[in-house]
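Trainee: Everything below, folded, please.
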Amino acid sequence: MAEDVKELTDEEVRARIIRLGFDGEQSRFARFCELLRAGLPRGTGVALRGSVVTNSRWEDGTPFDAKGPRTSDLDVTLVGRDVMEYWHEAAYYIPGLHTKPLGDKDPDIAPGLNPLREELQRLVRRPVNFQATSDLILFARDVLFGQPYVTLIEAAKDS
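Mentor: Below you'll find the predicted structure:
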């Protein structure tokens, strides 16, 4: 199978994500998506980024879970205005466009979303981080910085 995510079909990328991030369990991946749909504001888009998509850390090229089983995290990107309102004002890299990550290191920057994030961590038995961004920033990270993503839930057109 090709290693570069841009050379893979959508089905191959999804299979890689399920194999790496969800212990190969389609049902766990489906439940993950269900919990996101139910727990986020209506119209919120959801994408996975990072080494679960590429099987290579952006910073140093090491493979997903290189430090052992379930050591790599899932980087969940949330797209939409409503979901950005969960973050405290000081928790933005770019105000109104791109937040800092919500994770175990900073669980208080978006306290209304942290219970969902923790529930997802229990489900996948690995760290999960949330970051909210605009669709423009998500697109730019892919095209300009070579940080591809996979859309799990399409954002509403007006979000």
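Trainee: neighbours of P127, just the number please.
Mentor: Applying other Cβ atoms under 10 Å, we find 17 residues neighbouring P127. Yep, even glycine has a C-beta here, placed from its N, CA and C like the rest.
Trainee: just checking, it touches D75?
Mentor: No - using Cβ atoms under 8 Å, P127 makes no contact with D75, being 9.5 Å away.
Trainee: In terms of helices and strands, where is S27?
Mentor: S27 is part of helix 26-39, with elements assigned from DSSP states H and E.
Trainee: contacts for that helix?
Mentor: For helix 26-39, contacts defined as Cβ atoms under 8 Å, 6 or more residues apart in numbering pick out 17-18, 21-22, 46, 76, 113, 116, 119-120, 123-124, 152-153.
Trainee: Name the residues of that helix that are buried.
Mentor: For helix 26-39, the neighbour count (16 or more other Cβ atoms under 10 Å) marks 29, 32, 36 as buried.
Trainee: now do stretch 62-81
Mentor: 64-65, 72-81.
Trainee: Present these as JSON lines; the columns should include distance to R141, secondary structure and pLDDT.
Mentor: Below are the buried residues of stretch 62-81 laid out as JSON lines (distance: Cβ to Cβ, whole Å; DSSP: H, G, I helix; E, B strand; the rest coil; pLDDT from 0 to 100):
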{"residue": "F64", "distance to R141": "18", "secondary structure": "coil", "pLDDT": "94"}
{"residue": "D65", "distance to R141": "22", "secondary structure": "coil", "pLDDT": "94"}
{"residue": "S72", "distance to R141": "19", "secondary structure": "coil", "pLDDT": "95"}
{"residue": "D73", "distance to R141": "17", "secondary structure": "coil", "pLDDT": "96"}
{"residue": "L74", "distance to R141": "16", "secondary structure": "strand", "pLDDT": "98"}
{"residue": "D75", "distance to R141": "11", "secondary structure": "strand", "pLDDT": "97"}
{"residue": "V76", "distance to R141": "14", "secondary structure": "strand", "pLDDT": "98"}
{"residue": "T77", "distance to R141": "9", "secondary structure": "strand", "pLDDT": "96"}
{"residue": "L78", "distance to R141": "14", "secondary structure": "strand", "pLDDT": "97"}
{"residue": "V79", "distance to R141": "12", "secondary structure": "strand", "pLDDT": "95"}
{"residue": "G80", "distance to R141": "17", "secondary structure": "coil", "pLDDT": "93"}
{"residue": "R81", "distance to R141": "19", "secondary structure": "helix", "pLDDT": "92"}
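Trainee: Many thanks, have a good one.
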